[in-house]
Each structure stands twice: as C-alpha cells, then as structure tokens.
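[1] Attaching a predicted model along with its sequence, questions to come.
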Amino acid sequence: MSLELQLRDRLQQLAPTYLEIVNESSGHGGYFPGKESHFKVVIVSEAFDGLRLVQRHQKVYAAVGDLLAPSRIHALAIHAFVESEWQGQDTSSPECAHAPKH
C-alpha cells in the first residue's frame, strides 16, 4: 500500500469531514517518479475543536505514527481546521529551495 493511502487510512481515526492529501515530493530535491517523501494534509475535523494549533498537529502526528520516519515520510505540512475555520484558507505550499529547476 502506498504511503499516501496509508496516511489517508490512519487519518480516518480523526473522523474528518474533509481530507485532502497532496504528494508534494516532485517539488523537492532528489525526486524521482514514484517517490513519496513530502506530503501536505488539509484536514477538517471536529476532533480539533477547542485545541490550539500545536495540539492539532500533535493529534495528526499521533494518528500517523511511524509513517513519519526518515525512510518513509520526510516532511508533512499540516493544515488542521474545524469546520467553521477552514473555508477560504490559503493552504498553498512555498517552493522548496532544493526543488528541481525546470
């Protein structure tokens, strides 16, 4: 099972009302087709209600567990919201300084 699918599966425990997972590996140095190392997650869940941003990230880290390891997922950008917060939020990612130059 791909890392992206494993990530999606594990995040289901947070009962998201919206979940977007983007494999951003191709924008980073050392990329080759099929590489899975850098991901962005946009997750909306009432599990984050009343939590500060760092606590929301901790919940995501706890859910994904050992997927965050040097030989697996190198970087995970997390955008965690409750339903009332997320509409219109900019979740775009900056370019990596080591991205392949086209």
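    Everything's here; your move.
[2] Next, residue 41: secondary structure please.
    strand (DSSP: H, G, I helix; E, B strand; the rest coil).
[3] pLDDT at it, what is it?
    Here the pLDDT value assigned to residue 41 is 95.
[4] Test my guess that it contacts residue 4.
    No. Residue 41 lies out of contact with residue 4 (Cβ atoms under 8 Å); the separation is 10.2 Å. Glycine gets a C-beta too; all of them are placed from N, C-alpha and C.
[5] Between those two, which contacts overlap?
    residue 21 (Cβ atoms under 8 Å, 6 or more residues apart in numbering).
[6] Compare these two and say which is more crowded by neighbours.
    Higher neighbour count among residue 41 and residue 4: residue 41, with 20 against 15, using other Cβ atoms under 10 Å.
[7] who's the residue most central in space within the chain bridged to?
    Among the residues of the chain, residue 41 comes closest to the average C-alpha position under Cα atoms, centre = their mean, at 2.7 Å. Note on residue 41: beta-bridge partners by DSSP bridges are residue 21, residue 78.
[8] which residues touch it?
    7, 11, 19-22, 60, 76-80.
[9] and of these, the nearest to residue 66?
    residue 7 (11.6 Å; Cβ to Cβ).
[10] number of nearby residues for that closest one?
    If you count neighbours by other Cβ under 10 Å, residue 7 ends up with 23.
[11] repeat for residue 74
    16.
[12] Check residue 2 too.
    Around residue 2 there are 10 other residues, counting by other Cβ under 10 Å.
[13] next one: stretch 58-71 to chain centre, how far?
    With Cα atoms, centre = their mean, to the nearest Å as the basis, stretch 58-71 stands 10 Å off its chain's centre.
[14] all numbers from here: first residue = 35
    Got it, first residue is 35 now, which makes that one stretch 92-105.
[15] Identify all contacting residues around that stretch.
    Defining contact as Cβ under 8 Å, 6+ apart, one finds that stretch 92-105 is touched by 37, 40-41, 44-45, 47-48, 75, 77, 81-82, 85, 106-107, 110, 112, 114.
[16] Neighbour count says what about those? Which are buried?
    With neighbours counted using 16 or more other Cβ atoms under 10 Å, the contacts of stretch 92-105 contain these buried positions: 37, 40-41, 44-45, 48, 75, 77, 81-82, 107, 110, 112, 114.
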